[in-house]
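Peer 1: Pasting the sequence and the predicted model now:
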Amino acid sequence: MTESEQQDIFESWLSQHKGLLFKVIRAYAATLPDQDDLFQEILLQVWRSIPKFRQESAVTTWLYRIALNTALKWNSKEQKYQEGRAPYVNMEYLLHEKEKPMDSRLAWLYEEIAGLHEVDRSLMLLLLDGFNYKEMAEILGITESNVGVKVHRIKKQMIDRSKNQNYNYHGI
Amino acid sequence: MEFEEMKKIWDAQNNEPMYAINEEALFRRIRAKSSRASRISNINEIGLILIVIVTSGILLFVGNQSFYDYLSVFALLSIGLYIWIGRVRRKKQENQFGKSMLGELDQALANVNYETNRAKTFFWWFLLPVAIPAFLNMAQAGTPSWKWFVVPAAFVLSYFVVQWGLKRKQLPRKKELEALRNILAEE
């Protein structure tokens, strides 16, 4: 594969599926500099993975695998750097937050997802994006029954939290 | 709030992406980062291999050679081969994508275990084979007394640097990965 072919695929994946990557970085990184850092890390892995993509799975599944695996490893590494990391001065960011503020219920949802354990966050993202148990089991490498057990627990946890926050069927 | 309601809120965000991307900087950064990551690993491994080859060359072709010089060269080249095999192994794993999360964690754990074992056995695969011929060689020739301090000190220092890396970096990383794996795999 030539570099220009690789770049064409990369650009096409990015334009079609950037929303998926945004969801992952938002769930795994709290601040904009961290989101930027994780975004770069994920895109680097996506770029390197392109020659290995054999169309045996859907592009979204492939990207989710790469994004979640990268986020999981980035997260456990990143926690060590927080205290001693250099400030982001004069740095050129890849990401800019849109000016329009996020829907408060969506912001709450992201906050709750970020409060889950790293592994559970992956499940929650896949669940919200409509993946079925079989697909989730393949992405995570665990059995469908294990997915079922975890999903049941996470759903219950999220619903309980929403009750504690006084959210109801009609929003805030 | 029921889960279906959360799903509706979630799906609504698909209409408008939450970030704008600085596309001009993107490709520049990805290319730079991609080449830098592999360059760092290459420098470490190729650098060590070059040191081993150059040192062997000096021992073989400069001055008069003793039996212990040949022994040192053999030990050094064996170490070079060991590093090369590790490099080939790393390169193979670097190009594997699309694994499951559990598979990825298992791979990361295997890598950490490999690094941990290498650090734990550093004395046996590096220090001992290099130090024995070096000391025997020093014992044969009229070695100045300062060398009897500097050479052992260098060996001791390298041992402690490797052990420090093991305790500060590899073992905590191993612990984290094991914890993640257990949480993912537990029913």
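Peer 2: Great, that's in hand.

Peer 1: How are the strands of chain A distributed by residue range?
Peer 2: Using DSSP state E, the strands of chain A run over A:95-97.

Peer 1: ok, the residue sitting nearest the centre point of chain B to chain A distance?
Peer 2: Of all residues in chain B, the one closest to the mean position by CA atoms, centre = their mean is residue B:115, 6.2 Å from it. Noted for residue B:115: a distance of 15 Å to chain A, by CB to the nearest CB, to the nearest Å. Yep, even glycine has a C-beta here, placed from its N, CA and C like the rest.

Peer 1: Determine the three-state secondary structure at the nearest residue to that residue once chain neighbours are set aside.
Peer 2: Once flanking residues are discounted, residue B:115 sits nearest to residue B:170: 5.3 Å by CB to CB, 6 or more residues apart in numbering or on different chains. Using DSSP: H, G, I helix; E, B strand; the rest coil, the structure places residue B:170 in helix.

Peer 1: Would you confirm that residue B:170 contacts residue B:118?
Peer 2: No. The pair residue B:170 and residue B:118 does not pass the contact test of CB atoms under 8 Å, sitting 9.2 Å apart.

Peer 1: of those two, who's got more company?
Peer 2: Taking neighbours as other CB atoms under 10 Å in any protein chain shown, residue B:170 and residue B:118 compare with residue B:170 leading, 21 against 17.

Peer 1: host element of the residue nearest to the centre of chain B?
Peer 2: In this assignment (DSSP states H and E), residue B:115 forms part of helix B:101-120.

Peer 1: how far out from the middle of the chain is that helix?
Peer 2: Its chain's average C-alpha position is 11 Å from that of helix B:101-120, according to CA atoms, centre = their mean, to the nearest Å.

Peer 1: re earlier: give the contact list for the residue nearest to residue B:115.
Peer 2: Residue B:170 is in contact with B:112, B:115-116, B:119, counting by CB atoms under 8 Å, 6 or more residues apart in numbering or on different chains.

Peer 1: farthest pair in those?
Peer 2: B:112 and B:119 (10.4 Å; CB to CB).

Peer 1: right, is the longest helix seen in chain A up against chain B?
Peer 2: If you go by DSSP state H, chain A has its longest helix at helix A:3-28. Yes. Under the criterion of CB under 8 Å from any CB of the partner chain, chain B is reached by helix A:3-28 at A:7, A:14, A:18-19, A:22-23, A:26.

Peer 1: export those residues to CSV and tack on pLDDT, neighbour count and distance to residue B:79?
Peer 2: Below are the residues of helix A:3-28 next to chain B laid out as CSV (pLDDT from 0 to 100; neighbours: other CB atoms under 10 Å in any protein chain shown; distance: CB to CB, whole Å):
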residue, pLDDT, neighbour count, distance to residue B:79
A:7, 88, 15, 41
A:14, 91, 17, 44
A:18, 90, 17, 47
A:19, 90, 15, 50
A:22, 93, 19, 47
A:23, 93, 21, 47
A:26, 92, 22, 47
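
Peer 1: Need these in a markdown table (columns: distance to residue B:77).
Peer 2: Shown next, in a markdown table, are the residues of helix A:3-28 next to chain B (distance: CB to CB, whole Å):
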| residue | distance to residue B:77 |
| --- | --- |
| A:7 | 42 |
| A:14 | 47 |
| A:18 | 50 |
| A:19 | 53 |
| A:22 | 51 |
| A:23 | 51 |
| A:26 | 51 |
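
Peer 1: Just checking, which helix or strand of chain B averages the lowest pLDDT?
Peer 2: helix B:23-61 (a mean of 75; mean pLDDT, DSSP states H and E).
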